[in-house]
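1. the sequence and its predicted three-dimensional model are supplied below.
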Amino acid sequence: MDQEPSRFKGKIITDQMAEDITRVEELAYDLRISEVMTRDVATLSPDQPMRDVLEVFRTVRISGAPVTRGNELVGIVSIEDLIQCLSKADLDAPVKNYMTTQMITIRDTDTVVEALKIFVNLRFGRLPVMDENGQLVGILTKGDVTRGILKALQKDYQEEEVRRYRARHLFEDIESDRTSLILRYNIRHLDFTHGGAASSQIKRALIRLGASPKVARRVGIAVYEAEMNLIIHTNHGGIIRVEIEPHQISIDAYDDGPGIKDIELAMKPGYSTATEAIRELGFGAGMGLVNIARCMDFMKLESSEETGTHLKMKVFLKEEDKVGEGYAATKEAAA
Amino acid sequence: MTLDQIIQSLNLTVVTEPQDFASITPSGGYTSDLLSCVMAGAKSKNIWVTIQSHANIIAVAALLDLAAIIITEGAEPNQATIQKANEEGIVLLTTRMQSYETVGRLWELGVRLG
Amino acid sequence: MNVKDVIAIVNGKLLNPSADLDREIKGGCGADLMSDVLASIQPEAVLLTGLANPQVVRTAQMADVAAIVLVRGKQPPQETRLLAEEEGIPLITSPYGMFELCGRLFQAGLKSLESPVNE
């Protein structure tokens, strides 16, 4: 394992590697030593008696400390060294007699994974952290790494919570007679790789805005079908426009052709004009428009060979499903 | 397990012309909605479970000499499909059950991948 | 039954190790046509499918699927794995075919979690 972490960042990842990367591992590659290390380091001088080591370890509650002469790191003294000293009843001896001078240090700009490699391979309990000038800037233990990663994981979670909180109060914070949020997505013809990306983003936006999981699911499914229709059945793809209001969600899918010849037939369950190749991709079951009708409270399909197809969909939100927390209450109070 | 017993147990609807179902014993089962997978995986005299109901399934079934097709989720094959099945002597069965449950029931009857 | 139990029953291999294996599975659904999945599947089901393209994960995400099992030892393309990782949906590959998997899971007590379309 001596690969540059940057290789992961550059996404040159084999299937097997991708499989093995978890969020924690990602963090080990993302987090810098300086973000997780302990900065206020208790240091000792090589000429101090070992008695002082006992005192420092006991009061600061640590089990090891770097030994410095002036600004220079000369060794590290650990609880094991202290035990050895105690067994010889030699507490008046200077620190330099017991300290370890063969040290492995680590740079503050290194990623956490570098430290993990050293901890695992060399069984060191703590690593002095040096800056670019070779100055001691901190110390790193396995506990520091664990705490750092846990904190980062928690931050990920909190950031999402904050995003949700802010989004939920969006409608409350902005005053107008009728506030709405419009999301627009360009969908490319035959772009199966990104197919569903727009619906995915819309579903996530709705959840952040405080929509119930049930409403988010209904809208997600309907938009996904509309999105796949634009990918499969159009000349040049099309546009999905979603307008979110506290009381309703309106979705429009437009394209510029070729248009649907027989709308009634197109609405029939199981009817599809998809080719065998499309069916082999798992689409063209002839259930798309049926699914949309089932998920939406309102649906209107307009199509002509000249202007293309325009699919209008709406979900009306019940009181308990309203997006933008507090909106109803504020309006009622104002009225 | 004969086709007759399977039709009875799963309460399947026969949409093609009646045959002597008691004399047909499927060699096993197969399920997929992707025709290329069926072509690659289904064996002769298998019973095939799918949601697909368009005419191409008959061509595949005839080519592979399948014993019967069970079309699930209440999907109804159109007249052209049924007519083609009759011409090819393919037994078309339908059910309101989903593919998952249909296969689960077949499995309970002892029909295995074969 | 949770994701871990399903992996054991289908003799499967989890392709995104960070997924939550304690997530409860309430039922099963086997289909290769995504609209069919969207039309009938109830939330928190395991989806058995012969497809391995990223659309499977998208569909699962839209339909609140709890886990995806790819049949016949399919190895999905990288985009599918990354998307499953991103969305936190357990992506499992099983050496068995769809017929065998439906049978085994149904036998293990996992009932159909699809609802008829035309009630």
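-> Perfect, thanks for sending it.
2. keeping just the C-alphas, turn stretch A:207-223 into CSV.
-> Output in CSV follows, covering the C-alpha atoms of stretch A:207-223 (Å, rounded to 0.1, in the frame of the first residue of the first chain):
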residue,chain,number,x,y,z
ILE,A,207,-37.1,15.7,0.9
ARG,A,208,-34.9,18.7,1.9
LEU,A,209,-37.9,20.9,1.5
GLY,A,210,-39.7,18.8,4.0
ALA,A,211,-42.0,16.8,1.7
SER,A,212,-43.2,13.5,3.1
PRO,A,213,-41.4,10.4,1.9
LYS,A,214,-44.7,9.3,0.2
VAL,A,215,-45.0,12.5,-1.8
ALA,A,216,-41.3,12.4,-2.7
ARG,A,217,-41.7,8.8,-3.9
ARG,A,218,-44.7,9.6,-6.0
VAL,A,219,-43.1,12.6,-7.7
GLY,A,220,-39.8,10.7,-8.1
ILE,A,221,-41.4,7.8,-9.9
ALA,A,222,-43.5,10.1,-12.2
VAL,A,223,-40.5,12.3,-13.1
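3. ok, now which ones touch A:Val129?
-> Listed by Cβ atoms under 8 Å, 6 or more residues apart in numbering or on different chains, the contact set of A:Val129 reads A:Ile33, A:Ser34, A:Met37, A:Thr105, A:Ile106, A:Arg107, A:Asp108, A:Leu136, A:Val137, A:Gly138, A:Ile139, A:Leu140. Glycine gets a C-beta too; all of them are placed from N, C-alpha and C.
4. among the residues you listed, which are in strands?
-> A:Ile106, A:Arg107, A:Leu136, A:Val137, A:Gly138, A:Ile139, A:Leu140 (DSSP state E).
5. quick check on A:Pro269: phi, psi?
-> phi -60, psi 130 (degrees, to the nearest 10).
6. cool, C:Leu83 as well?
-> Given degrees, to the nearest 10, the pair of backbone angles that C:Leu83 has is phi -70, psi -40.
7. run a quick neighbour tally on A:Asn97.
-> 12 (other Cβ atoms under 10 Å in any protein chain shown).
8. and the gap between it and A:Ile139?
-> Using Cβ to Cβ, to the nearest Å, A:Asn97 is found at 22 Å from A:Ile139.
9. likewise for A:Leu86?
-> 23 Å.
10. quick one: which of the two has more around it?
-> Per other Cβ under 10 Å, whichever of A:Leu86 and A:Ile139 has more neighbours is A:Ile139, with 24 against 12.
11. residue contacts, the residue in chain C that chain A sits nearest to?
-> Relative to chain A, the nearest point of chain C is C:Arg58 (3.0 Å; Cβ to the nearest Cβ). By Cβ under 8 Å, 6+ apart, the residues touching C:Arg58 are A:Gly195, A:Gly196, A:Ala197, A:Ser199, A:Ser200, A:Tyr224, C:Leu83.
12. cutoff 10 Å now
-> C:Arg58 is in contact with A:194-197, A:199-200, A:203, A:220, A:224, A:227-228, C:34, C:80, C:83, C:87, counting by Cβ atoms under 10 Å, 6 or more residues apart in numbering or on different chains.
13. buried subset of the ones in strands among the contacts of A:Val129?
-> Buried members of the ones in strands among the contacts of A:Val129, counted by 16 or more other Cβ atoms under 10 Å in any protein chain shown: A:Ile106, A:Arg107, A:Leu136, A:Val137, A:Gly138, A:Ile139, A:Leu140.
14. from the residues you listed, pick the one nearest A:Gly64.
-> Taking Cβ to Cβ as the measure, A:Gly64 lies nearest A:Ile139 of those, at 7.9 Å.
15. let me see the ranges of the strands in the chain.
-> As the question left the chain open, I've gone with chain A. Using DSSP E, strands in chain A cover A:64-69, A:72-78, A:106-107, A:126-130, A:136-141, A:181-187, A:238-244, A:248-255, A:298-304, A:308-316.
16. that's the wrong chain, I meant chain C
-> C:13-14, C:27-30, C:45-49, C:67-70, C:91-93.
17. kindly reformat those as TSV containing mean neighbour count, mean pLDDT and distance to A:His169.
-> As requested, the strands of chain C are exported to TSV (neighbours: other Cβ atoms under 10 Å in any protein chain shown; pLDDT from 0 to 100; distance: least, Cβ to Cβ, whole Å):
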stretch	mean neighbour count	mean pLDDT	distance to A:His169
strand C:13-14	16	95	38
strand C:27-30	28	92	37
strand C:45-49	28	95	34
strand C:67-70	26	97	34
strand C:91-93	22	97	35
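18. ok, back up a step: any idea of the pLDDT on the residue of chain C closest to chain A?
-> Per-residue pLDDT puts C:Arg58 at 93.
19. swap in the one 3 residues further on?
-> At C:Gln61 the predicted local distance difference test score is 93.
20. show me the contacts for the nearest residue in space to it that is not next to it in sequence.
-> Nearest residue to C:Gln61, sequence neighbours excluded (Cβ to Cβ, 6 or more residues apart in numbering or on different chains): C:Glu87, at 5.0 Å. Taking Cβ under 10 Å, 6+ apart, we find C:Glu87 in contact with A:Ser200, A:Arg204, C:Asn16, C:Ala19, C:Val57, C:Arg58, C:Ala60, C:Gln61.
21. what is the burial count for the third one?
-> Right, the one you point to is C:Asn16. 24.
22. surely it touches C:Leu82?
-> Yes: taking contacts as Cβ atoms under 10 Å, C:Asn16 lies within contact range of C:Leu82: 8.8 Å.
23. just the buried residues of the helix or strand containing B:Gln83, please?
-> Per DSSP states H and E, B:Gln83 falls inside helix B:79-88. Neighbour counts over helix B:79-88 (16+ other Cβ under 10 Å) mark B:Thr81, B:Ile82, B:Lys84, B:Ala85 as buried.
24. what does stretch B:10-20 give?
-> Neighbour count says stretch B:10-20 has B:Leu10, B:Leu12, B:Val15, B:Thr16 buried, by 16+ other Cβ under 10 Å.
25. and the contacts of it?
-> Residues contacting stretch B:10-20 (Cβ under 10 Å, 6+ apart): B:2-4, B:6-7, B:21, B:53, B:58, B:68-71, B:74, B:76-77, B:81-97, B:101-102, B:105-106, B:108-109.
26. for chain C, what helix or strand is lowest in average pLDDT?
-> Least confident helix or strand of chain C, by mean pLDDT, DSSP states H and E, is helix C:34-40 with a mean of 84.
27. what stretches of the chain score poorly on pLDDT?
-> No chain in the question, so chain A it is. Along chain A, the model assigns pLDDT under 70 to residues A:1-24, A:322-335.
28. residues from chain B in reach of chain A?
-> Contact residues, chain B versus chain A (Cβ under 10 Å from any Cβ of the partner chain): B:33-37, B:51-54, B:56, B:71, B:73-78.
29. the residue nearest to C:Gln61 and chain B: what is the separation?
-> Taking Cβ to the nearest Cβ, to the nearest Å as the measure, C:Glu87 falls 23 Å from chain B.
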